[in-house]
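**Q** task: produce atomic coordinates for the following.
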Amino acid sequence: MRWYVGSQNYRVETIGAADDRIDPDGAAVLSFAQAQTKARELYVLRKREQAGLPPRSGPFTVKSCIDEYLAWMDANRKSAADARYRANALILPVLGEKDCSRLATSDIQKWLDQITLAAPRARTKKGEKQKFRTTNGDIDAKRRRRSTANRTLTVLKAALNRAWRAGKIAADDAWRRVEPFAEADAARARYLTIEEAKRLINSSDQDFRLLVQAALVTGARYGEIAALNAGDFNPDSETLHVRNSKSGRGRHIVLAGEGTRFFAALTAGREPTAPMVKKSSGDRWLQSHQARPMAAACKRARIKPAASFHCLRHTYASHAIMNGAPLLVVAKNLGHTDTRMVEKHYGHLAPSFIADAIRETAPRFGIKGVKKLTSIRTTG
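**A** Below is the predicted model:
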């Protein structure tokens, strides 16, 4: 069999022996008609392989598209676990068997609307029937469901776009027409006051306290801090080397005086390969190990509602911006490629021309703060 592969090139593949030596059996020895049939079958198979499609005949489904995308995520990103969870829980049960080439805008829009109407999933033990949380249907609950839908739509679009760029899907207009819900991802980043942060440090267990302090002086994520070694601190440049971040790229965090002194004391006389922060047992902090110590520290520090460990990252960024740090500088230290995420979560905290102008020029009426409103008297 010979077939054209492009650029004036052909490929040749032997598919069997001719029947001029022995009677054809349809497998090893072929008649001319059998050879034609097998050549056609192999040609379709080779063309599918060339296009990156599954070797068996059949449509290129959303499931195949998602599987290929997750395989790429596993090799290139650290956020594959979240994408896999969203795909298995929310995408594949509804759209998994859909042919990508026949996927319509209405299919995706209907699926997206269904997510917003469904009850939020609750943590469920493996093997048990999925549990769901009840909501009171308030505005914030609706916003959270729409935010979940938007994040899941991002995963679906990323998988479809990757397949489309590889030539496995002919057109991308079906999902390009679907827009995420507006105002669903409104910034709600909570941060601690300086006083709350100090109380949290003092209320933390001794080994956990180092973890909290490291987060407050760097803005690094929990996983990034847990993976640090003593040799990742450079006292000469006053930086901390995060070798593998959420995006898969490393970065150097620039430290201020307090951070430099903290890490200098923490790494003094230690082997470069030793864990930067560790438990009292000597083991590293691993995934989710921070949740219970954080909850206990918040309870002792009287921080209500209790803050998550990720709140410490928001605390670092919020206070840096309120103190006048440029958005781009904070973004680079946090590991963002540009200022979009920082503007979204912290932009309202930054000193701005508009805020300064209003506070300088707004009319003054001599109104003083009201201690208590006792009654309202009306006359007819």
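
**Q** shaky segments in the chain?
**A** Applying pLDDT under 70 to the chain picks out residues 48, 51-58, 137, 185-188, 247, 351-354, 368-380.

**Q** how about the strands in it?
**A** 2-6, 9-12, 17-18, 29-30, 121-122, 131-132, 233-234, 239-242, 251-254 (DSSP state E).

**Q** show me what the longest one pairs with in its sheet, parallel or antiparallel.
**A** To tie it back to what came earlier, the one meant is strand 2-6. Pairing partners of strand 2-6, with direction, according to DSSP bridges: strand 9-12 (antiparallel).

**Q** same deal with the fourth one?
**A** In the sheet containing strand 29-30, its partner strands are strand 17-18 (parallel), by DSSP bridges.

**Q** what sits up against the partner strand?
**A** Residues outside strand 17-18 that contact it (C-beta atoms under 8 Å, 6 or more residues apart in numbering) are 28, 29, 30, 35. To be clear about C-beta, it is placed using only N, CA and C from the backbone, and glycine gets the same treatment.

**Q** swap the cut-off to 7 Å and go again
**A** Identification of contacts with strand 17-18 by C-beta atoms under 7 Å, 6 or more residues apart in numbering yields 28, 29.

**Q** same check, this time on stretch 193-202
**A** Contacts of stretch 193-202 (C-beta under 7 Å, 6+ apart): 192, 209, 212, 213, 216, 297, 298, 301, 303, 315.

**Q** I'd guessed residue 210 sits against residue 277; true?
**A** Yes - judged on C-beta atoms under 7 Å, residue 210 makes contact with residue 277 at a distance of 4.8 Å.

**Q** list the contacts for residue 311?
**A** 190, 191, 192.

**Q** hmm, 6 Å instead?
**A** Residues near residue 311 by C-beta atoms under 6 Å, 6 or more residues apart in numbering: residue 190.

**Q** against residue 200, how distant is it?
**A** With distances taken as C-beta to C-beta, to the nearest Å, residue 311 is found 9 Å from residue 200.

**Q** same question, residue 138
**A** 29 Å.

**Q** and for the closest residue in space to residue 11 that isn't next to it in sequence, the neighbour number?
**A** Excluding the flanking residues, the one nearest residue 11 by C-beta to C-beta, 6 or more residues apart in numbering is residue 5, at 5.4 Å. Using other C-beta atoms under 10 Å, residue 5 is surrounded by 11 other residues.

**Q** so residue 5 touches residue 13, yeah?
**A** No - if you go by C-beta atoms under 6 Å, residue 5 and residue 13 don't touch, sitting 11.3 Å apart.

**Q** make JSON lines out of the strands of the chain and add distance to residue 142.
**A** Listed next are the strands of the chain as JSON lines, based on distance: least, C-beta to C-beta, whole Å:
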{"stretch": "strand 2-6", "distance to residue 142": "52"}
{"stretch": "strand 9-12", "distance to residue 142": "57"}
{"stretch": "strand 17-18", "distance to residue 142": "69"}
{"stretch": "strand 29-30", "distance to residue 142": "65"}
{"stretch": "strand 121-122", "distance to residue 142": "16"}
{"stretch": "strand 131-132", "distance to residue 142": "16"}
{"stretch": "strand 233-234", "distance to residue 142": "45"}
{"stretch": "strand 239-242", "distance to residue 142": "36"}
{"stretch": "strand 251-254", "distance to residue 142": "36"}
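
**Q** out of these, which comes closest to residue 224?
**A** Relative to residue 224, the nearest member of the strands of the chain by C-beta to C-beta is strand 239-242, separated by 4.9 Å.

**Q** count the neighbours of the closest residue to residue 303 other than its chain neighbours for me.
**A** Spatial nearest neighbour of residue 303, chain neighbours left out: residue 196 (5.6 Å); criterion: C-beta to C-beta, 6+ apart. By other C-beta under 10 Å, the residues close to residue 196 number 17.

**Q** likewise for residue 263?
**A** Look at residue 263: counted by other C-beta under 10 Å, it has 26 neighbours.

**Q** dump the residue contacts of it.
**A** Residue 263 neighbours (C-beta under 6 Å, 6+ apart): residue 233.

**Q** measure it to residue 182 for me?
**A** Separation of residue 263 from residue 182 (C-beta to C-beta): 43 Å.

**Q** try residue 366
**A** With distances taken as C-beta to C-beta, residue 366 is found 41 Å from residue 182.

**Q** who's more crowded, these two?
**A** Per other C-beta under 10 Å, whichever of residue 366 and residue 182 has more neighbours is residue 182, with 9 against 4.

**Q** got phi/psi on that one?
**A** Phi and psi for residue 182, reported as degrees, to the nearest 10, are phi -70, psi 150.

**Q** how close does it get to residue 158?
**A** From residue 182 to residue 158 the distance is 20 Å (C-beta to C-beta).

**Q** and residue 144, by the same measure?
**A** From residue 144 to residue 158 the distance is 22 Å (C-beta to C-beta).

**Q** likewise for residue 12?
**A** 39 Å.
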